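Chemist: Make a model of this:
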Amino acid sequence: MNRVRQTIQRIGFFALAIASLVAPAHADALPPGFVRLAEVDSSIRQDIRYAGTDNFLHRKVNGYDAPVCILTRQAAQALARVQKAIASKGLTLVVFDCYRPARAVADMGDWSAQGGPPDPQWYPKVARGDLIARGYVARLSAHSRGSTVDLALARIDDRSIAKTACGAGDADALDFGAGFDCFDPISETAHRPLGKDAAANRKLLIEAMRAGGFRNYAREWWHFTFENEPFARQRFDFRVSHD
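Modeler: Have a look, this model is predicted:
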């Protein structure tokens, strides 16, 4: 009887082992308080740059398994209210980055520290090794708290691409005078001189986001943090994934 029981146990063990090998892998569920933006407002356009190669590293950033915007629920709901307000003007938000894993922040920092010459598209006037010292790349990022977002505005009915000499040049956005992740003084929100359209678009974005409860980072016109963020003293490191 004991031999029969042992045989059954061995069969059960091997069956579980085989099942674990063939069963599909699923990403961990999001931590409590986080949501995927599309679940709150699918009308907001997503152009998540760090999940691909069209960014200042020219490769996928560690921690990004999918081009998905993840935020705290409060920040996502506030962003949806901004989207509703600007839709009446024929505009939509375009998000470039949302929650950023701590491992991604470390990846960017380590990459920057390796050094190298300027990049004419992303950091035309500063050497790669100086990006951290100049404040363009951070060793710690508000994005890892889950309530910070990088974004721009685009027209709902016109997907023409704004041309830009620096930063993301094919983000389907209005003219802001510089593209997302242009590491240059022209990206400072209040930079002058600036073209008439670019200045007006920055003002429009700032006012819309402020009305929604977000504050701007003065050195980057695209960077906003939700004022009442729920995890103001906590950073996260779960991966960015579809599910």
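Chemist: which residues touch the helix or strand that residue 150 is a member of?
Modeler: Using DSSP states H and E, residue 150 sits in strand 148-155. The contact list for strand 148-155 (C-beta atoms under 8 Å, 6 or more residues apart in numbering) reads 45, 69, 71, 75, 79, 86, 90-98, 100, 141-143, 171-174, 176, 180-181, 201, 204-205, 208, 214, 220, 222-226, 229. (Glycine included, C-beta is placed from N, CA and C.)
Chemist: got it, and stretch 177-195?
Modeler: Against stretch 177-195 from outside (C-beta under 8 Å, 6+ apart): 49, 55-56, 96, 122-126, 131, 134, 136-137, 150, 152, 162, 164, 166-169, 171, 173, 175, 198-199, 202, 206, 216-222.
Chemist: and that stretch, average pLDDT?
Modeler: In this model, stretch 177-195 has an average pLDDT of 96.
Chemist: With stretch 235-242 instead?
Modeler: 96.
Chemist: Buried residues in that stretch, which are they?
Modeler: Across stretch 235-242, burial judged by 16 or more other C-beta atoms under 10 Å covers 235, 236, 238, 240, 241.
Chemist: can you check stretch 94-114 too?
Modeler: For stretch 94-114, by 16+ other C-beta under 10 Å, it's 94-109, 111-112.
Chemist: Distance across stretch 121-135, terminal residue to terminal residue?
Modeler: One end of stretch 121-135 to the other measures 18 Å (C-alpha to C-alpha, to the nearest Å).
Chemist: Identify the residues contacting stretch 121-133?
Modeler: Residues outside stretch 121-133 that contact it (C-beta under 8 Å, 6+ apart): 55-56, 109, 112-119, 134, 136-139, 165-167, 169, 181-184.
Chemist: What is the three-state secondary structure of residue 208?
Modeler: When classified by DSSP: H, G, I helix; E, B strand; the rest coil, residue 208 comes out as helix.
Chemist: Look at residue 15 and report its pLDDT.
Modeler: Note on residue 15: pLDDT of 40.
Chemist: I'd like the numbering to begin with 181 instead of 1 from here.
Modeler: From this message on, residue numbering opens at 181, which makes the last subject residue 195.
Chemist: That's all I had, so thanks and see you.
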